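Any chance you can model this:
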Amino acid sequence: MSAPPAAVLVPAGGAADAEPMPVRGREPEQESSTQMSHRLQAYSDALLSIIATVMILPVAHTKVHPDQKLGESVQQLLLTKIAVYLMTFLIVTVAWTAHVRLFQVIELIDDVLALLNLACMMVITFLPYTFSLMASFPEVPFGIFLFSVCAIVIGLIQAVIVVYGFHHPHLLNQDINSVNHDACKHHILKIILRGPALCFLAAISSFFFIPLSYVFLGLVIVLPHLTRFLMWCKTKIVGQRDEEEEQHSSETFTFYLSEPLSKERVEAFSDGVYAIVATLLICDICEDNVADPRDVEEKFHGSLLEALSEYGPNYLAYFGSFVTIGLLWFVHHSLFLYVIKPTRLMGLLNIFSLAFIGGLPLAYQLTSEFAEKSHNEIEAIQVSCVITFFASIFQFAIWTTALLHERETLHPFARYGGKEHAFMFAKLALYPCVSLGAFFLTCLLSEFSTAVFHLMQIVIPFAFLALRIFVRISLTVIKSVMSLSRQKVVLLEEEEACLSPTETLS
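A predicted model of the protein is given here:
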């Protein structure tokens, strides 16, 4: 008999840095040739987070000169690139999710599986190049065709991993040995090959009608969630599934494929995205803001400091962008510190937040190039405010969603009425409110838009410190007022109790 789901989830979805678990029931010769997949998962998480994040580079490096207005053609180009970036980012996260699910079923790896996973990662690293072609030539079918072919190859390699794993049962999770292997394998293959099938249709339709290709690629993202929604509707309308269907669901080992991803894997992938976004900023500084030696000698008479002073707005934009990324990570860290178990919806909202976090290098490029005396100063700052707003509002949505099932998802400290509830609310609401306020202030005070934006970046770090003090003082005042009111009520009750019945009637 298989273990109950709660006991099964821990070994299958544990953190990548967890201690190696003892191999249960392995033959000595098998133990010497196999190993736990924790390090492979950690390597894959790091690589996938990097690939998902560098998708923004073709968008961020769209060249718009300071004396060039963001006309309709440039705006259309940026919007097209941003839309394609969001779609490809989400598709990469779908591949990451499939990888996590796959190695929940396959517990041990050997050299063949390690090499197959390496081949899958190699194809994934090629995706940013295909995205560059899609973003630069949106009306040419070859870019989307090449991207679709890469997605097909990734799916086929994952299918080969499934077949190989089930052909060597000692590599599988121990609890899967008690179910029908053929039914389980076919079920997993059906889920894994669903995406490549849609990408195949996208590749074919790219030569006839490109918008239809994007529809098929969009289905790769929404189809799993749409399927679950339709199943939920069917359950509500028809009623609970009968025992035969429940038994079939158990036999196909759907628990590993339907449960929310582990908190540790979500945190590891998210930390990777934040780290890579922060690193991309300094890469741009190193590439674009180092003075040419000839210019230093000819224009600035050998004074390097005077030459570097021209890049002052770029440095200011860099530090402001880094602070924004760092504080958004701090909010994310604080949020997941109190999350016990994320739901599927919380995981989806986290991916949307990370997609906009990945767009912050674009905000840096715009504010560094248009920081002073630019025709596009207001537009650049407003784009930065919008990116920051959506990155932070999805974090707020994660917490709001967690509150709906707070007993299962949140630590008691962060629940409604808990010790940290008020501070978490203020912390998560700070960036959405400030970025939205800065957006509207730039519309009203266009002449001071740069000052408003930089003031926002400077004030927010101190606001986080002030929030803690303000919330503590407010809670202390509220508790004092409530205690005084309670004391007054107690005194009135004591006075009424001391009065005689005659005095009370009078």
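
give the contact list for Val97.
Check again: residue 97 is Thr, not Val. Neighbouring residues of Thr97 by Cβ atoms under 8 Å, 6 or more residues apart in numbering: Leu261. (Glycine included, C-beta is placed from N, CA and C.)

host element of it?
Secondary structure from DSSP states H and E places Thr97 in helix 72-105.

Each with direction, which strands does the very next helix or strand once past that helix pair with?
Sequence-wise, the next helix or strand downstream of helix 72-105 (DSSP H and E) is strand 108-109. According to DSSP bridges, strand 108-109 forms sheet pairs with strand 35-36 (antiparallel).

Leu171 reaches Leu113, doesn't it?
Yes. Using Cβ atoms under 8 Å, Leu171 is in contact with Leu113, at 7.0 Å.

Would you mind listing the residues touching both of those two?
Ile106, Gly165.

Point out where the stretch 1-150 of the chain drops to low pLDDT.
Across the stretch 1-150 of the chain, the ranges flagged by pLDDT under 70 are 1-33, 60-78.

which residues in it form helices?
Secondary structure of the stretch 1-150 of the chain (DSSP state H, counting those that start in this stretch): helices located at 5-12, 28-33, 38-54, 57-60, 72-105, 111-125, 127-136, 141-167.

May I see those organised as a markdown table, with distance to His187 added?
Formatted as a markdown table, these follow (distance: least, Cβ to Cβ, whole Å):
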| stretch | distance to His187 |
| --- | --- |
| helix 5-12 | 16 |
| helix 28-33 | 26 |
| helix 38-54 | 22 |
| helix 57-60 | 38 |
| helix 72-105 | 10 |
| helix 111-125 | 20 |
| helix 127-136 | 27 |
| helix 141-167 | 10 |
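
of these, which approaches Gly437 most closely?
helix 72-105 (23.0 Å; Cβ to Cβ).

re the thing from before, of the helices of the stretch 1-150 of the chain, which is nearest Asn350?
helix 72-105 (9.6 Å).

distance of Tyr431 from Gly272?
When distance is defined by Cβ to Cβ, to the nearest Å, Tyr431 is 21 Å away from Gly272.

So Asn173 sits against Phe103, correct?
No. Asn173 is beyond contact range of Phe103, at 9.6 Å (criterion: Cβ under 8 Å).

And those two? Which one has more around it.
Neighbour count, other Cβ atoms under 10 Å: between Asn173 and Phe103, Phe103 has more, with 25 against 19.

And stretch 38-46, what's buried?
Neighbour-count burial for stretch 38-46, with 16 or more other Cβ atoms under 10 Å as criterion, is recorded at His38, Leu40, Gln41, Ala42, Ser44, Asp45, Ala46.

Return that stretch as PDB; C-alpha atoms alone will do.
The C-alpha trace of stretch 38-46 is given here as PDB (Å, rounded to 0.1, in the frame of the first residue of the first chain):
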ATOM      1  CA  HIS A  38      18.900  17.100  -5.700                       C
ATOM      2  CA  ARG A  39      22.000  18.600  -7.300                       C
ATOM      3  CA  LEU A  40      20.600  18.100 -10.800                       C
ATOM      4  CA  GLN A  41      17.400  19.900  -9.800                       C
ATOM      5  CA  ALA A  42      19.400  22.800  -8.300                       C
ATOM      6  CA  TYR A  43      21.500  23.100 -11.500                       C
ATOM      7  CA  SER A  44      18.400  23.100 -13.700                       C
ATOM      8  CA  ASP A  45      16.600  25.600 -11.500                       C
ATOM      9  CA  ALA A  46      19.500  28.000 -11.700                       C
END
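
Now do that stretch: distance to the chain's middle.
17 Å (Cα atoms, centre = their mean, to the nearest Å).

what does stretch 474-481 give?
Distance, stretch centre to chain centre, for stretch 474-481: 37 Å (Cα atoms, centre = their mean).
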